[in-house]
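> Predicted model follows, preceded by the sequence.
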Amino acid sequence: MLITGANGQLGHEMRNLLADDSRFECRFTDVAELDICDAQAVSRALAEAPVDYVVNCAAYTQVDKAEENVELCRRINAEAVGNLARAAAACGARMIHISTDYVFDGHGYRPYTETMQPHPQSVYGSTKLEGEELLTRYCPQSVILRTAWLYSPYGNNFVKTMLRLGHEREELTVVADQIGTPTCAADLALVVRTVLLADRFVPGIYHVSDEGACSWYDFAVAIHRLAGITTCRVKPIRSDEYPSRARRPFYSVLDKSKIKQTYGLTLPHWYESLSHCINLLQETH
């Protein structure tokens, strides 16, 4: 198994989960070991050492910066996925790829199912959708997992930013009119492992996040409550009060029925997983 993006949030959790599992023989790579934007390098890597599965955890995820770095974002989120898909198909491998709730415009009012029409509002969302389309075209034996609001003890993410600012400031303003579901990267890694170990590999697009829904404001308040931060006031604001280059969906809750039924999954509530992550961060600190 080849796992790309191994230094990212999900990549770290995949390493934690699978590195010592004798059921898997894993090759973990990031850009230093394999530049997935280099089609020849990807093709050569899989031709010389074929695998059964490619798990693509790599992505350009800086949503606002993507509006300026369009070509780089497209190379990583779309073209690189096509490179992996063609190379995987050539060696007979299946592929698992991570996508996003931002492929939707967020104008709905009920959880999005996989059959609903994507309509991304940002460069990030558009390039992730393009990556989905290239993967489906070149490697039909693939599972696409759309997830949302990913966080972990690793890298940069909303949870770690709120913890840092909560200790630095007396007041924070956080958007309260965008609704979604925080998802712990460790939970997503468990879903990937479930798909890998399933008796039957069922290709397709699946929605997966932790259970429940909240606003970014609710999320921030919960982070501070669980971390015991009482000296910083979190103030709710509207999206139009917060300067942002990229447009984000106002409502992007995902319906997980399909993956739960197909792969027999049970997913934790976001607050439960957040509590566990913050405990880990505090122990490490």
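Yes, it's here. Residues are numbered from 1 along each chain as shown.
> wait, what's in contact with the closest residue to Leu280 other than its chain neighbours?
Counting by CB to CB, 6 or more residues apart in numbering, Leu280 lies nearest to Pro153, which is 5.2 Å off, once chain neighbours are set aside. All C-beta spots, glycine's among them, are computed from the backbone N, C-alpha and C. Counting by CB atoms under 8 Å, 6 or more residues apart in numbering, Pro153 touches 160, 277, 280-281, 284.
> top of those residues by neighbour count?
Cys277 (23 neighbours; other CB atoms under 10 Å).
> May I have the phi/psi pair for Asp255?
phi -90, psi 120 (degrees, to the nearest 10).
> what's the closest of the contacts of Pro153 to Asn77?
Within the contacts of Pro153, proximity to Asn77 (CB to CB) peaks at Lys160, which comes in at 22.7 Å.
> My reading is that the closest one lies in a strand. Confirm?
No. Read with DSSP: H, G, I helix; E, B strand; the rest coil, Lys160 is helix and lies in no strand.
> residues contacting it?
151, 153, 281.
> For Gly131, which non-adjacent residue is closest in space?
Val81 (3.7 Å).
> OK, contacts around the one you found?
56, 97, 131-132, 134-135.
> pLDDT of the helix or strand it falls within, averaged?
Using DSSP states H and E, Val81 sits in helix 80-90. For helix 80-90, the mean per-residue pLDDT is 98.
> List the buried residues in it.
Within helix 80-90, the residues that count as buried by 16 or more other CB atoms under 10 Å are 80-89.
> Tell me the gap between it and the middle of its chain.
20 Å (CA atoms, centre = their mean, to the nearest Å).
> Following element in sequence after that helix, please.
In N-to-C order, the element after helix 80-90 by DSSP H and E is strand 94-100.
> So which elements touch the helix or strand just after that following strand?
Scanning forward in sequence from strand 94-100 by DSSP H and E, the next helix or strand is helix 123-138. Other helices and strands packing on helix 123-138, by 3 or more CB pairs under 8 Å, 6 or more residues apart in numbering; DSSP states H and E, are helix 63-66, helix 70-74, helix 80-90, strand 94-100, strand 142-147.
> low pLDDT regions in the stretch 1-150 of the chain?
For the stretch 1-150 of the chain, applying pLDDT under 70 flags no range at all.
> need the contact list for Arg247.
Contacts of Arg247 (CB under 8 Å, 6+ apart): 121-122.
> Could you look up the SS state of it?
Note that with three-state DSSP, the state of Arg247 is coil.
> how much space between the closest residue in space to Leu17 that isn't next to it in sequence and Ile144?
Leaving aside its sequence neighbours, Leu17 sits nearest to Ala189 (CB to CB, 6+ apart; 4.9 Å). In this view, Ala189 and Ile144 are 16 Å apart by CB to CB, to the nearest Å.
> sorry, back to before: send over the helix holding Val81 as CSV, restricted to the C-alpha atoms.
Provided in CSV are the C-alpha atoms of helix 80-90 (Å, rounded to 0.1, in the frame of the first residue of the first chain):
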residue,chain,number,x,y,z
ALA,A,80,-1.7,14.9,-9.1
VAL,A,81,-4.8,12.9,-8.4
GLY,A,82,-5.0,12.1,-12.1
ASN,A,83,-1.3,11.0,-12.0
LEU,A,84,-2.0,8.7,-9.2
ALA,A,85,-5.2,7.3,-10.8
ARG,A,86,-3.5,6.5,-14.1
ALA,A,87,-0.5,4.8,-12.3
ALA,A,88,-2.8,2.9,-10.0
ALA,A,89,-4.9,1.6,-12.8
ALA,A,90,-1.8,0.6,-14.8
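> Give the buried residues for stretch 216-225.
Here stretch 216-225 shows 216-224 as buried, counting by 16+ other CB under 10 Å.
> Can you tell me which of the residues you listed end up in helices?
216-224 (DSSP state H).
> would you list the residues you listed in TSV and tack on distance to Ile3 and pLDDT?
Compiled in TSV, those are given as follows (distance: CB to CB, whole Å; pLDDT from 0 to 100):
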residue	distance to Ile3	pLDDT
Trp216	30	98
Tyr217	34	98
Asp218	33	98
Phe219	28	98
Ala220	31	98
Val221	35	98
Ala222	30	98
Ile223	29	98
His224	34	98
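> biggest separation within the residues you listed, which pair?
Trp216 and His224 (12.9 Å).
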